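J.: Pasting the sequence and the predicted coordinates here, then a few questions.
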Amino acid sequence: MKNNIQYLIIKSNFNILILLFLIFFGGCQTFSDVGDNIVKNFSAPLNVSYNVKNPVKSGVRLSALWIGHASVLLQIYDKVIITDPLLTYNVAGVLRRNYQPGIDINNLKQCDIVLISHSHSDHLSLGSLGKIESKFPKTDLVFPEGVEEYLPDYSFNLHRLKMPSEEKNEYLGESVVLDSVKITCVTSRHWGGRNGIDGKLWTDQGFCAFIVQYRDVCVYISGDSSYDPDLFEFIRKNYKIDLAVINIIYCDDCEDINQSKSHLYPMGAVKILEVTGADYMIPVHFGTFTDVNVQIPVLEKMMLQDKNLSGRIKILNLGEQVIF
């Protein structure tokens, strides 16, 4: 009992340190978001607008279903891929999701590959991986080097990819081919670690973007990143992107492309669509812990103003699936 109490005290103090770190680096908005989510811990998350009972369909070349935050269910022909799965109600014991996950895992009949873009708690959700493991124990789990330090002893097939070398100005890291699906670790302008402090101060591994290629389909998954014109020009020259899934930080009145040096504002995602020449782009990483119904109309007004690009931007509701 004494050891349990000591553990709880240490964990509480550690969460307080994380909270102070987020406030210091994130500013007043982070403080407001965390405060709102503390209150939400006393109620169940809200239902999503869409509830797809059969997300995996026959005859599909490419589809995407937004589960919430950075979690997307991709179907490319006969392959099913989940990015940064977040199926639990809480993140790191601090953030409480405002909405239910956009998919009931009991309705999912197939999961071939899980991609983890980096080791932060809202992207590497151990509880969510546990849910997937219980139903799909032999799924391939792909991640950049450094993430393995935070993984329990799962039954997944683990695939650690070497990150691109910044010292050598590389944009592409290691690739792996899983049953004809090629997954390449690509540069992202972000940072690693697990809880914020370690990633900012002493850890420089455990984060990347992905390019997924299968048959004639190519999907770019940004993970958390800021905008780098040389990087996205390189992607344009070397890949024909069918779909770009781009993580953004929501803002309701900004024209900037980057939020600091590690995240994109909405117009940064539009810029990536324009520069890479992707056929379609889906923005994610917003609205799960706040009010998506308020944010989507604002994003539509901001991101769809260019008529030459608006038809290629798909702003999904939570749980909504689009078939290309």
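T.: Cool, the structure landed.

J.: Tell me the secondary structure at V322.
T.: At V322 the chain is in strand, as set by DSSP: H, G, I helix; E, B strand; the rest coil.

J.: Tell me which residues touch it, please.
T.: When contacts are counted by Cβ atoms under 8 Å, 6 or more residues apart in numbering, V322 is found next to 63-65, 282, 314, 316. C-beta here means a position set from N, CA and C on the backbone, and glycine is covered the same way.

J.: tally of neighbours for V56?
T.: Applying other Cβ atoms under 10 Å, we find 18 residues neighbouring V56.

J.: Now it: closest residue in space, sequence neighbours ignored.
T.: The shortest distance from V56 to any non-neighbouring residue, by Cβ to Cβ, 6 or more residues apart in numbering, is to Q110 (5.1 Å).

J.: What separation do you get for the residue most central in space within the chain and K301?
T.: Taking Cα atoms, centre = their mean as the criterion, A70 is the residue nearest the geometric centre of the chain, at 2.7 Å. With distances taken as Cβ to Cβ, to the nearest Å, A70 is found 23 Å from K301.

J.: and stretch 46-64, how far from the chain's centre?
T.: Its chain's C-alpha centre and that of stretch 46-64 lie 18 Å apart, by Cα atoms, centre = their mean, to the nearest Å.

J.: and the end-to-end length of that stretch?
T.: End-to-end distance for stretch 46-64: 22 Å, by Cα to Cα, to the nearest Å.

J.: residue boundaries of the helices in the stretch 101-250 of the chain?
T.: Secondary structure of the stretch 101-250 of the chain (DSSP state H, counting those that start in this stretch): helices at 126-135, 197-201, 229-238.

J.: Could you check which helix or strand contains V80?
T.: Using DSSP states H and E, V80 sits in strand 79-83.

J.: Quick one: name whatever helix or strand follows that strand.
T.: Going down the chain from strand 79-83, the next helix or strand is strand 90-91, by DSSP H and E.

J.: Quick one: list the elements packing against the following helix or strand past that following strand.
T.: Using DSSP H and E, the helix or strand that follows strand 90-91 in sequence is strand 95-96. Strand 95-96 sits against helix 28-40, with contacts defined as 3 or more Cβ pairs under 8 Å, 6 or more residues apart in numbering; DSSP states H and E.

J.: which residues of the stretch 51-200 of the chain fall in strands?
T.: Assigned by DSSP state E, counting those that start in this stretch, the strands in the stretch 51-200 of the chain fall at 62-68, 71-76, 79-83, 90-91, 95-96, 113-115, 140-144, 157-161, 172-178, 181-186.

J.: Identify whichever of the ones you listed lies nearest to I132.
T.: Nearest to I132 among the strands of the stretch 51-200 of the chain is strand 113-115 (6.3 Å), distances taken as Cβ to Cβ.

J.: gap between the closest one and the chain center?
T.: On Cα atoms, centre = their mean, the centre of strand 113-115 falls 12 Å from the chain's centre.

J.: sorry, back to before: in PyMOL, select just the buried ones from the contacts of V322.
T.: Selection of buried members from the contacts of V322 for PyMOL, criterion 16 or more other Cβ atoms under 10 Å:
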select buried, resi 63+64+65+282+316
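
J.: on that earlier part again, lowest average pLDDT across the helices of the stretch 101-250 of the chain?
T.: The weakest mean pLDDT among the helices of the stretch 101-250 of the chain belongs to helix 197-201, with a mean of 57.

J.: wait, doesn't L161 sit right on P144?
T.: Yes - using Cβ atoms under 8 Å, L161 is in contact with P144, at 5.6 Å.

J.: The residue lying closest to Q321 once chain neighbours are set aside bridge partners, please.
T.: Closest residue to Q321 apart from its sequence neighbours, by Cβ to Cβ, 6+ apart: L65 at 3.9 Å. On the basis of DSSP bridges, L65 takes part in beta bridges with L73, Q321.

J.: and L65, what does it touch?
T.: Taking Cβ under 8 Å, 6+ apart, we find L65 in contact with 52, 55, 72-73, 102-103, 316, 319-322.
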